[in-house]
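> Sequence first, then the predicted structure:
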Amino acid sequence: MTSSFRRLVAVAALLVPLAAAVGCAPADTAPADAPAACEPGALPTLTAGTLTFGTDQPVYPPWYLDDDPASGQGFESAVAYGIAEELGYARDKVAWVRVPFNAAIQPGPKTYDVNLTEFSITDERKQAVDFSSPYYDVKQAVVALEGSPAASATSIAQLKELRIGAQVGTTSLQAVSDQIAPTAGPSVFNTNDDAKLALTNGQVDAIVVDLPTAFYITSAELDNGAIVGQLPLGSGTPEQFGAVLELGSPLTGCVSEAVDRLRDSGELEQLETQWLSSAGTAPELR
């Protein structure tokens with residue numbers, strides 16, 4: 001047997017098991033990075049068989065009612081249960097945990113599977129957490145007390161010399177800085193309750209909140225509260241709320257699919273009408 005022939009035999013021997021392995025591989029084998037199927041009620045959640053939602057404490061109407069996220073009352077509570085149903089989790093298979101607003105979007109492991117707390121989708125936040133498809137397009141609004149220096153403003157320029165506040169870590173605060181840019185800088189508060197109290201006490205002339213919250217607090221919480229106007233959306237993609245998940249969560253695609261189905265079916269629009277429709281209008285500030 002020549003050396004050349006021996007080499008050919010050796011190569012052939014190596015190729016036979018390789019060919020057998022390839023031939024026996026299942027035809028539908030998925031690549032290693034393929035997303036897991038969104039099997040109803042059987043997702044890789046923190047607690048097997050349970051879908052855990054997170055939100056801040058306190059939470060406010062019209063997003064949640066009576067600071068009770070588990071009630072299903074309020075827009076985001078209703079959306080959460082809609083997502084759960086789409087993913088195959090009955091109401092008794094849904095749990096809630098409380099997470100401070102800023103902590104919920106910090107890098108690292110989460111105590112929730114999905115968080116709904118009016119989190120605007122931003123590129124900066126995407127470095128630390130995942131976002132689902134957007135479930136709400138939002139505008140910011142300026143709220144003041146009737147008869148105050150801010151209440152009669154019809155333009156953004158008229159607000160610049162006033163004291164304007166918003167909750168820390170929110171896009172409302174970002175809107176104060178970027179769109180109003182008050183000369184004295186923004187007044188920053190830990191919660192919307194703190195901001196409303198400062199407005200009532202005359203520590204600020206106006207506060208900025210999302211528009212549905214503005215309609216609620218001026219009709220139900222602030223004596224003589226008035227919406228001065230909406231801040232313009234500007235060009236490009238509008239500000240949008242998305243559900244927050246841990247960065248790289250295996251649930252992100254499934255939650256996005258659930259949100260998309262809620263939108264396509266018209267349910268998101270119905271929930272907006274039910275929970276976020278206002279009794280009035282708010283002019284746009286220029």
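Perfect, I can see it now.
> Could you check what's spatially nearest to Glu39, not counting adjacent residues?
Closest residue to Glu39 apart from its sequence neighbours, by CB to CB, 6 or more residues apart in numbering: Gly88 at 7.5 Å. Yep, even glycine has a C-beta here, placed from its N, CA and C like the rest.
> My guess is the one you found contacts Thr45. True?
No: here Gly88 does not reach Thr45: they are 11.2 Å apart, not a contact under CB atoms under 8 Å.
> can you count the residues close to Asn224?
Asn224 has 12 neighbouring residues, counting by other CB atoms under 10 Å.
> And it, how close does it get to Val259?
Shown here: Asn224 relative to Val259, a distance of 38 Å by CB to CB, to the nearest Å.
> do the same with Val168
Relative to Val259, and taking CB to CB, Val168 is found at 27 Å.
> Looking at the two, which is more packed in?
Val259 (21 against 15).
> Name all residues that make contact with the nearest residue to that one once chain neighbours are set aside.
Distances taken as CB to CB, 6+ apart put Ser133 closest to Val259, at 4.4 Å, once the chain neighbours are dropped. Going by CB atoms under 8 Å, 6 or more residues apart in numbering, Ser133 touches Gly242, Ser256, Val259, Asp260, Arg263.
> who has more neighbours, Gly88 and Thr45?
A count of neighbours by other CB under 10 Å puts Thr45 above the other of Gly88 and Thr45, at 21 against 16.
> Tell me where the stretch 51-200 of the chain has helices.
75-86, 101-104, 171-175, 192-200 (DSSP state H, counting those that start in this stretch).
> could you dump the second one to CSV, C-alpha only?
Translated: helix 101-104. Output of helix 101-104 as CSV, limited to C-alpha atoms (Å, rounded to 0.1, in the frame of the first residue of the first chain):
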residue,chain,number,x,y,z
PHE,A,101,-38.6,54.9,38.3
ASN,A,102,-34.8,55.5,37.9
ALA,A,103,-33.9,52.1,39.3
ALA,A,104,-36.1,50.3,36.8
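> And for that helix, what's in contact with it?
With CB under 8 Å, 6+ apart as the criterion, helix 101-104 contacts 54, 56, 110, 112, 115, 117, 119, 129, 167-170, 244.
> could the residues you listed go into CSV alongside pLDDT?
Output for these, formatted as CSV (pLDDT from 0 to 100):
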residue, pLDDT
Gly54, 98
Asp56, 97
Lys110, 98
Tyr112, 98
Asn115, 98
Thr117, 97
Phe119, 94
Val129, 98
Gln167, 97
Val168, 96
Gly169, 90
Thr170, 90
Val244, 98
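> Buried among the residues you listed? Make that a PyMOL selection.
Selection of the buried residues among the contacts of helix 101-104 in PyMOL, burial being defined by 16 or more other CB atoms under 10 Å:
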select buried, resi 54+56+110+112+115+117+119+129+167+169+170+244
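> Closest one of the contacts of helix 101-104 to Lys93?
Closest approach between these and Lys93, by CB to CB: Tyr112, at 14.6 Å.
> In contact with the closest one, which residues are there?
Leu46, Thr52, Phe53, Gly54, Val97, Val99, Ala104.
> if you look at these, which of them are in strands?
Among the contacts of Tyr112, the residues falling in strands (DSSP state E) are Thr52, Phe53, Gly54, Val97.
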